[in-house]
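Engineer: Next comes the sequence, and after it the predicted model I'd like to discuss.
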Amino acid sequence: MKCRCANLDAPAKINLALYIVGRRPDGYHDLVTVFQRLDLRDEVSVECLEGGDIQVLCPDGGAPEGERNLAHKAVTIFRQKTGHSTGVRVIIKKRIPAGAGLGGGSSDAASTLLGLNRVCNFPLERGELASIGAGIGADVPFFIWELPAALGKGIGDRIERFDAPSGVYLLLNPKFTVSTGWVYSRLKLKLTRSDENSIQKTLNEKSCEIPALLHNDLEMVTGSEFPVIEEMKSRLMELGSEGAMMSGSGPTVFGYFRDPECAAHAFERLQTESRWSCFLTHSF
């Protein structure tokens, strides 16, 4: 068997808006969110092997290896769907912090599916890959479609293109992880909530200005347990961010900068003075 390999970037995401619409019978939550893809990225290599083994390796750490990694699940489901029994080695070079609200694990799984589809001569259409991805993680379909920004509905798996202005984002991570399941388990839904269509209409009206979009129903949950969330937001605003918010279930906070020079200055300040991990990124 001829050995084939695909090398892909696995970008991070932030949620510019995140509204929880309701709780589903299966335990998940319906939501409306705006995803924004960033140029902070992991590197994923997918290689076919002789035999039938699945290997998922993270040589530099930063994520679990083997069956505990979502990429392993991606390979398993892909092979079940297509009937391909080839062995697969996935090597992930992590740059996106894990458990940070940036979608790193989901992005790695999506890149694994895209890479495996490539080395197997494209047996599946992109929509089929997105359907597989939804069974792995709610954020995976967004990364499968490779859009710069998108509106996500349902559990986040129903993806539509969304036009958002480009910009510079400064990410602050407090160097600890937060379980998404833990955050959702503590969420107290409001008695009244607008439906998906009315929220989408509001988002479309605000789409030309990033600061006007910013909203996260999960921030109150994570922020009430970890005061550092508000501390990081306040520091970003002090350094010239036009808007700051927690991404996803956290704990990473991002600041939006229209001016790249202002963002670079803030990045330099935070690198030297803060105890947090700092990432200077750009949207696609």
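Structural biologist: Great, that's in hand.
Engineer: Counting by contacts, list what the helix or strand that E268 is a member of packs against.
Structural biologist: Applying DSSP states H and E as the criterion places E268 in helix 260-273. Counting contacts by 3 or more CB pairs under 8 Å, 6 or more residues apart in numbering; DSSP states H and E, helix 260-273 packs against strand 168-173, strand 253-257, strand 277-282. Glycine gets a C-beta too; all of them are placed from N, C-alpha and C.
Engineer: dump the residue contacts of the residue lying closest to D42 once chain neighbours are set aside.
Structural biologist: Of all residues beyond its chain neighbours, the one nearest D42 is A10 (4.1 Å), with distances taken as CB to CB, 6 or more residues apart in numbering. The contact partners of A10, by CB atoms under 8 Å, 6 or more residues apart in numbering, come to 41-44, 92, 96, 104, 107-108, 110-111, 143.
Engineer: So which of the helices and strands packed on helix 260-273 is nearest P148?
Structural biologist: Evaluated over the helices and strands packed on helix 260-273, closeness to P148 peaks at strand 277-282, with 10.8 Å, by CB to CB.
Engineer: Any regions of the stretch 101-250 of the chain where pLDDT drops low?
Structural biologist: Within the stretch 101-250 of the chain, the stretches with pLDDT under 70 are 190-194.
Engineer: what about the helices in the protein?
Structural biologist: Under the criterion DSSP state H, the chain contains helices at 70-82, 104-119, 126-134, 140-145, 180-185, 196-206, 210-213, 219-225, 228-238, 260-273.
Engineer: Quick check: buried residues in the fifth one?
Structural biologist: Buried positions in helix 180-185, judged by neighbour count with 16 or more other CB atoms under 10 Å: 180, 183-184.
Engineer: Nearest to M232 among those residues?
Structural biologist: V183 (16.7 Å).
Engineer: Show me the one of the helices of the chain that comes nearest S247.
Structural biologist: Nearest of the helices of the chain to S247, taken as CB to CB: helix 219-225 at 9.4 Å.
Engineer: Would you mind pulling up the elements that that closest one packs against?
Structural biologist: helix 228-238, strand 243-246.
Engineer: what are the bridge partners for the residue nearest to N216 when sequence neighbours are not counted, then?
Structural biologist: Closest residue to N216 apart from its sequence neighbours, by CB to CB, 6+ apart: L18 at 4.6 Å. Here L18 shows beta-bridge partners T33, N216, assigned using DSSP bridges.
Engineer: one step back: I'd like the helices and strands packed on helix 260-273 as CSV, with mean neighbour count and distance to L214 appended.
Structural biologist: As requested, the helices and strands packed on helix 260-273 are arranged in CSV below (neighbours: other CB atoms under 10 Å; distance: least, CB to CB, whole Å):
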stretch, mean neighbour count, distance to L214
strand 168-173, 24, 12
strand 253-257, 27, 8
strand 277-282, 18, 16
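Engineer: picking up where we left off before, my read is that the residue nearest to N216 contacts L31, right?
Structural biologist: Yes - with contacts counted by CB atoms under 8 Å, L18 reaches L31, the gap being 6.4 Å.
Engineer: When those two are compared, which one has more neighbours?
Structural biologist: When neighbours are counted by other CB atoms under 10 Å, L18 and L31 differ, and L18 comes out ahead with 25 against 22.
Engineer: Name the residue closest to the centre of this protein, please.
Structural biologist: Residue closest to the average C-alpha location in the chain (CA atoms, centre = their mean): G103, at 2.4 Å.
Engineer: For C120, see how far away it is.
Structural biologist: Spatial separation of G103 from C120 under the definition CB to CB, to the nearest Å is 25 Å.
Engineer: which of the residues in stretch 80-90 are buried?
Structural biologist: Taking 16+ other CB under 10 Å as the basis for neighbour counts, the residues of stretch 80-90 that come out buried are 82, 84, 86-90.
Engineer: Give me the contact list for it.
Structural biologist: Applying CB under 8 Å, 6+ apart, the contact partners of stretch 80-90 are 1, 44-57, 69, 71-72, 75, 78-79, 112, 115-116, 120, 123-124, 128, 132.
Engineer: about what we covered before: so can I have TSV of the helices of the chain showing distance to G167?
Structural biologist: Conversion of the helices of the chain to TSV gives the following (distance: least, CB to CB, whole Å):
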stretch	distance to G167
helix 70-82	29
helix 104-119	20
helix 126-134	26
helix 140-145	18
helix 180-185	25
helix 196-206	14
helix 210-213	6
helix 219-225	20
helix 228-238	13
helix 260-273	9
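Engineer: These: which one's closest to L280?
Structural biologist: Proximity of the helices of the chain to L280 was assessed by CB to CB; the nearest stretch is helix 260-273, lying at 4.4 Å.
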